[in-house]
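[1] Predicted model, plus sequence, below.
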Amino acid sequence: MLDRTEPASAHPGLAHRRESRLLAVLRSSSSRLAILVFVALVFVFTALFMTPMASVDGSTTHFADALFTAASVVCVTGLSTVDMATHWSVFGKAVVVIGTQIGAVGVLTFASILGLVVTRRLGLRAKLIAAGDSNPLRTHHGAVPEGQAVRLGEVGTLLATVAVSTLAIEVVIGLLMLPSVLVAGYPFWTAVGDAFYYSAMAFTNTGFSPNAEGLAPFASDYWFLSLLMVAVVAGSIGFPVIRTLWKQLRHPRRWPIHVKLTLTTSAALLVLGAIVYTALEASNPRTLGDAGAGHTAFQALFFSTMTRSGGFATIDVEQMHGASLLVTDMLMFIGGGSASTAGGIKVTTLAVLFLAAVAEARGRQSMEAFGRRIPSDVLRVAVAVVLWGATIVAVATIVLLQITGDSLDRVLFEVISAFATCGLSSGISGELPESGKYVLAATMFLGRVGTVTIAAALAASQSRQLFRRPEERPIVG
């Protein structure tokens, strides 16, 4: 008879069965595998940032700062507790760039790309993992609306699109930025490094700057700032959208509804944000009030673009009006497109909720857009994403308020920026105590891994319900 007081290690067969069961669970759920790999990756980069050669002065970076930086890099957030331009050595900055590249495309997608490069083929399991990384709806039981996703037969093409588009866009943008950096007075090789660093940070929607002055030397360089916006938008619309535009640019009627919703909603939010910032900050001499009308409009558009997860800023966020900060909170929380380098609840989530409200107002039972009907299970996922996201933001804000004693608007701004992996800061990240750094690092992790991924990982082993209970309607509203 088995003695239940004995440790599991005393029974190799039992330990082996538990290990096999754990591996089976991880293999059956790409969501749980993604969380595990992300956690491991964060601690690997924490160890790299703690090495003496990662810092300029050769000292060992404190664990809390190294962990925060690793989470910010792998989650492509852009927040920092140290000066990213002066604290890290060349090796440290190289680690930053590598980490953002891995985090931007997603660890499972990155692993699939490496497998495709090495073996020149993808097995069914690899295709399923990569497809699930690009479409969270695959983690749910039942049929998946393939018209809104990437078919398994096209996964290899999508991975090639991710690899080629990332490399091509960053190289082209970096080359186009180089003249502006040289004109700003930097030595040639420093300018080369900074130009490609800015390009990588823009496309990955991270927002780190390689120089201590940030964007100050380029505040009036419309060419440089426009390139930043192009790179940020390219990264935030998502790789499935990039692939569709590459293959079917001249045939918009053939575009999937996901592509149409992403592009239309993103464009509407960019323009609306620029109009609102112009109206709210045009009278503020500490931000846009002292500039001309043309410069004000351009800077408002630039800032509206960066709130979508870009993280760069040419104005002092701390000097903005409270109303502008609230608008920024909302835009950051929405974020960019699905399967992109951006964070937030995603623009398609907002679009689905809007379409549901329109359908309800018109008394229709189904949501419709661009001549297509959107199934109800997509609405349930959208509602879950918003509720989980709002809960994470609320809990993190309450905890940080208790830890820091700072004002609500500044703490809420920082928490939403962390959750949406945006990188814009109200200035409290560098002032956080050690416990506050851990809270914000966890918020970045939860925001990047994704609320749908977390929920799907928890529910991956749920059993199928074979019965239906009696229906009864509560009073709503």
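    On my side now, so go ahead. These numbers come from a predicted model, not from an experiment.
[2] Just want the most central residue of this structure.
    Gly343 (2.7 Å; C-alpha atoms, centre = their mean).
[3] can you pull the contacts of it?
    Neighbouring residues of Gly343 by C-beta atoms under 8 Å, 6 or more residues apart in numbering: 75-77, 205, 309, 335-336, 419-422, 447-448. Where you see a C-beta, it was placed from the backbone N, CA and C, and this is true even at glycine.
[4] Which secondary structure state is assigned to the nearest residue to it once chain neighbours are set aside?
    Computed as C-beta to C-beta, 6 or more residues apart in numbering, the closest residue to Gly343 that is not its neighbour in sequence is Thr421, at 3.2 Å. Here Thr421 is coil, with the state taken from DSSP: H, G, I helix; E, B strand; the rest coil.
[5] all helices of the stretch 251-400 of the chain, in order?
    In the stretch 251-400 of the chain, the helices defined using DSSP state H, counting those that start in this stretch lie at 257-281, 293-305, 322-334, 347-361, 376-404.
[6] Make TSV from these and add mean pLDDT, distance to Val44 and mean neighbour count to it.
    What follows is these, written out as TSV (pLDDT from 0 to 100; distance: least, C-beta to C-beta, whole Å; neighbours: other C-beta atoms under 10 Å):
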stretch	mean pLDDT	distance to Val44	mean neighbour count
helix 257-281	94	32	19
helix 293-305	92	32	20
helix 322-334	94	28	20
helix 347-361	93	31	19
helix 376-404	91	24	17
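[7] wait, which of those is closest to Leu225?
    Distance to Leu225, taken as C-beta to C-beta, is lowest for helix 293-305 among the helices of the stretch 251-400 of the chain, at 5.5 Å.
[8] can you list the residues that contact the closest one?
    Contacts of helix 293-305 (C-beta under 8 Å, 6+ apart): 220, 222, 225, 228-229, 232-233, 269-278, 281-282, 288, 291, 313-315, 331.
[9] Only the C-alpha atoms, please, for it, written as PDB.
    Taking Å, rounded to 0.1, in the frame of the first residue of the first chain, the C-alpha atoms of helix 293-305 are listed here in PDB:
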ATOM      1  CA  ALA A 293      -1.200  75.800 -36.100                       C
ATOM      2  CA  GLY A 294       0.500  73.500 -38.500                       C
ATOM      3  CA  HIS A 295       3.100  72.300 -36.000                       C
ATOM      4  CA  THR A 296       0.300  71.800 -33.300                       C
ATOM      5  CA  ALA A 297      -1.700  69.700 -35.700                       C
ATOM      6  CA  PHE A 298       1.300  67.600 -36.600                       C
ATOM      7  CA  GLN A 299       2.400  67.100 -33.000                       C
ATOM      8  CA  ALA A 300      -1.200  66.200 -32.000                       C
ATOM      9  CA  LEU A 301      -1.300  63.500 -34.800                       C
ATOM     10  CA  PHE A 302       2.200  62.200 -33.700                       C
ATOM     11  CA  PHE A 303       1.100  61.900 -30.100                       C
ATOM     12  CA  SER A 304      -2.200  60.300 -31.100                       C
ATOM     13  CA  THR A 305      -0.200  57.700 -33.000                       C
END
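[10] so it versus helix 257-281, what angle?
    If you take axes from the mean of the first three to the mean of the last three C-alpha atoms, to 10 degrees, helix 293-305 sits at 130 degrees to helix 257-281.
[11] now helix 293-305, how far from the centre of its chain.
    23 Å (C-alpha atoms, centre = their mean, to the nearest Å).
[12] tell me the angle of it relative to helix 322-334?
    40 degrees.
[13] Sketch out the low-pLDDT regions of the stretch 1-150 of the chain for me.
    1-34, 106-150 (pLDDT under 70).
[14] Please determine how far the nearest residue to Ala219 once chain neighbours are set aside is located from Phe224.
    The shortest distance from Ala219 to any non-neighbouring residue, by C-beta to C-beta, 6+ apart, is to Thr314 (4.8 Å). With distances taken as C-beta to C-beta, to the nearest Å, Thr314 is found 10 Å from Phe224.
[15] Repeat that for Thr397.
    35 Å.
[16] ditto for Gly238
    Distance from Gly238 to Phe224, by C-beta to C-beta: 25 Å.
[17] Repeat that for Phe303.
    In terms of C-beta to C-beta, Phe303 sits 15 Å off from Phe224.
[18] returning to what we had before: which one of Gly238 and Phe224 has more residues nearby?
    More crowded of Gly238 and Phe224, by other C-beta atoms under 10 Å: Gly238, with 25 against 21.
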